[in-house]
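Novice: need coordinates for the following:
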Amino acid sequence: MSKINPNPFTTRPEIDGTFGVVTSTHWIATAVGMATLEKGGNAFDAAVATAFTLQVVEPHLNGPGGDVPVILHDVKRARTDVICGQGPAPAKATIAQYRAEGIDLIPGTGLLAACVPGMFDTWMLLLRDYGTMTLAEVLGPAIGYAKNGHPLVERANATIALVQRLFREHWPTSAAVYLPGGRVPETGTLFTNHTLANTYTRILKEAESGGGDRDAQIDRARKVWSQGFVAEAIDRFCRTQDIMDVSGARHRGVLTGDDMANWQAHMEAPLTYDYGRYTVCKAGVWSQGPVLLQQLALLKGIKLDGMHPTSADFIHLQIEASKLAFADREKFYGDPNFVEVPIETLLSDSYNSDRRRLITDKASLELQPGSVEGFGAVVELRRETGQRLSVSALGAGEPTVGRMGEVRGDTVHFDIIDKAGNIISATPSGGWLQSSPVIPELGFGLGTRAQAFWLDEKHPAALAPGKRPRTTLSPTLALRDGEPYLAWGSPGGDQQDQWTTQFFLRHVHCKMNLQEAIDAPAWHSEHFPISFWPRTARPGVLVLENRVPKSTIDELKKRGHIVEIGPDWSEGRLTAASREGGRRRAAANPRGMQGYAAGR
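Specialist: Numbers count the residues shown, from 1 in each chain. Model prediction:
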């Protein structure tokens, strides 16, 4: 049999074709994206259709009230761009205002943590400037699944079950949608959200009612969202509702219709780093994306070729590099429109040569940010004892519950490459069903990304009106030998740029194909502060999948890591897609049994 198929076992095949590939965290969204390509759409049309579908079929992981960074390569422009779909803090969101509410950490749920929803305008900008299809064509599948139903996945069921008391006692508008008939819907139920379907149908109808060409209709949809009935409903809800949040108290929101009217998604250049043959592209320092580049800058001086992907050396070196990079994230990163971030220094050879000396054979138990004179803030470590728990009865942070085990931070992700070679990678998140109560006229809740701000005026990531929170959302695109080659990403909050780094290094140094690199045993560090309420850290803690060899686990313990063992398939939800000449390849994570890749 080995002569028939000599390749290593993978949980599913690496998709390989010439027409196009779509890979996402949900099989229905992947099918919708692929159908869009089959109908003649390009990668960007498929991305918009996929994204709207993900809002419907994974409502516990993203929603219309959330946010998204996008990274893409457009063949016609011969350029790689980032779309910033991270909405800023409202005009009334000041540190003084929140402290007057008795808040020292912005709650992870409710209305106080709402930023301007960035997702809808991002998809409209992408569709207008890069796509070819009409608004009706890309919105149609999502409207259909919201109206006619989609099979409720196990983790959505688990999330609803865990927060049902919150819904019944404090968030009745959410109970009306997610507890139909007063009960938690069973896994596999054909679940509907008629109000959301009606919201998108109304946007579409109002956009088309004024006539005009495709671009005019898309611009009208943007205005309906930011200045029409959607903004009006959000404004009214925030002004009039006292909402229970994870602080244990009720608060009204500060987001207004004016905030929505005054913001639009925008394009910007990616931040890049050269690593051997590869130029890796990320969103800027308003995201955590540069920590992947910082890890590569640290590891660039260490020979990783030939290391086994589950060896103690391979894991230890990555973990210690991640500790240093994420410590710098905590000290330096923030919205560059408000603070200067010394990212050129942080990625420089001289800086990383010095920092690399901190990586020894022993696990560091200290948070060790670097020093750049005149920049950064003092990082106060809030230690957490015991294992990190999943979402509480009042909700918290950016939670994941169910099959993935006790992992904080999850969202959705997709990567798409079309026949022409256009590439797009996106990580939509926020506006989860457990983040904020459903606005009854709209069928969705707001996001809670503002919890990533600090209420400390001296911190680069301090709260300020109009400022972007330092998001964890972090899609990635890489060129190889100057040619666009690879797009990849994962849900997972603070773990995103640990799992995406692991995938890349396994692919580059261990010569694994896309599916092998996703399937391989994975891990994450909890050494540094999380980006979500309650902002705690667990110094030295390393969480490994049980599939990591026992000999490796024993050696990592000897080196001083505080090792915790998770289930066999519990780390990450990666997807990836590549182009090489006329070939298009893709892979998807088997963990959670939802992600899927398709192509031909």
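Novice: if you skip the residues just before and after it, what's nearest to residue 36?
Specialist: residue 46 (4.0 Å; CB to CB, 6 or more residues apart in numbering). (C-beta placed from N, C-alpha, C; glycine too.)
Novice: could you do residue 507 as well?
Specialist: residue 517 (4.5 Å).
Novice: in which helix or strand does that neighbour reside?
Specialist: According to DSSP states H and E, residue 517 maps onto helix 514-519.
Novice: quick one: mean pLDDT over that helix.
Specialist: For helix 514-519, mean pLDDT is 97.
Novice: and the spatially most central residue of the chain, what's its pLDDT?
Specialist: Most central in the chain under CA atoms, centre = their mean is residue 473, positioned 3.6 Å from the mean C-alpha point. On pLDDT, residue 473 comes in at 96.
Novice: list phi and psi for the residue nearest to residue 36.
Specialist: phi -60, psi -40 (degrees, to the nearest 10).
Novice: distance of it from residue 181?
Specialist: Per CB to CB, to the nearest Å, residue 46 is found 36 Å from residue 181.
Novice: neighbour count: those two, which is higher?
Specialist: residue 46 (30 against 6; other CB atoms under 10 Å).
Novice: and that one, how far from residue 199?
Specialist: Applying CB to CB to residue 46 and residue 199 gives a distance of 23 Å.
Novice: before we move on, what about residue 419?
Specialist: Counting by CB to CB, the gap from residue 419 to residue 199 is 34 Å.
Novice: please apply the same query to residue 165.
Specialist: With CB to CB as the criterion, residue 165 and residue 199 are 27 Å apart.
Novice: looking at these two, which has the bigger crowd around it?
Specialist: residue 199 (23 against 11).
Novice: ok, now which ones touch that one?
Specialist: Neighbouring residues of residue 199 by CB atoms under 8 Å, 6 or more residues apart in numbering: 64, 230, 441-444.
Novice: backbone dihedrals for residue 157, please?
Specialist: phi -60, psi -40.
Novice: wait, it touches residue 178, no?
Specialist: No: applying CB atoms under 8 Å as the test, residue 157 and residue 178 come out as separate, 10.0 Å apart.
Novice: residue ranges with poor pLDDT in the stretch 1-150 of the chain?
Specialist: For the stretch 1-150 of the chain, applying pLDDT under 70 flags the ranges 1-7.
Novice: show me the helices in it, by range?
Specialist: 27-38, 43-57, 95-100, 119-130, 135-148 (DSSP state H, counting those that start in this stretch).
Novice: check the stretch 401-550 of the chain too.
Specialist: Using DSSP H, counting those that start in this stretch, helices in the stretch 401-550 of the chain cover 496-509, 514-519, 550-558.
Novice: ditto for the stretch 201-350 of the chain
Specialist: 214-227, 229-240, 257-261, 290-299, 312-332, 343-346, 349-356.
Novice: separation between the residue nearest to residue 507 and residue 274?
Specialist: Where residue 274 is concerned, residue 517 sits at a distance of 21 Å (CB to CB).
Novice: more neighbours, the two?
Specialist: Set residue 517 next to residue 274 and count neighbours by other CB under 10 Å: residue 517 wins out with 25 against 14.
Novice: so that one sits against residue 503, correct?
Specialist: Yes: shown here, residue 517 and residue 503 form a contact pair, counting by CB under 8 Å, at 4.9 Å.
Novice: common neighbours of these two, please.
Specialist: What both residue 517 and residue 503 touch, as defined by CB under 8 Å, 6+ apart, is the set residue 576.
Novice: where's residue 199, which helix or strand?
Specialist: Going by DSSP H and E, residue 199 is in helix 194-209.
Novice: mean confidence for that helix?
Specialist: 97.
Novice: please renumber the chain so that the first residue is 109 from this point on.
Specialist: Sure, I'll start numbering at 109, so the last one becomes helix 302-317.
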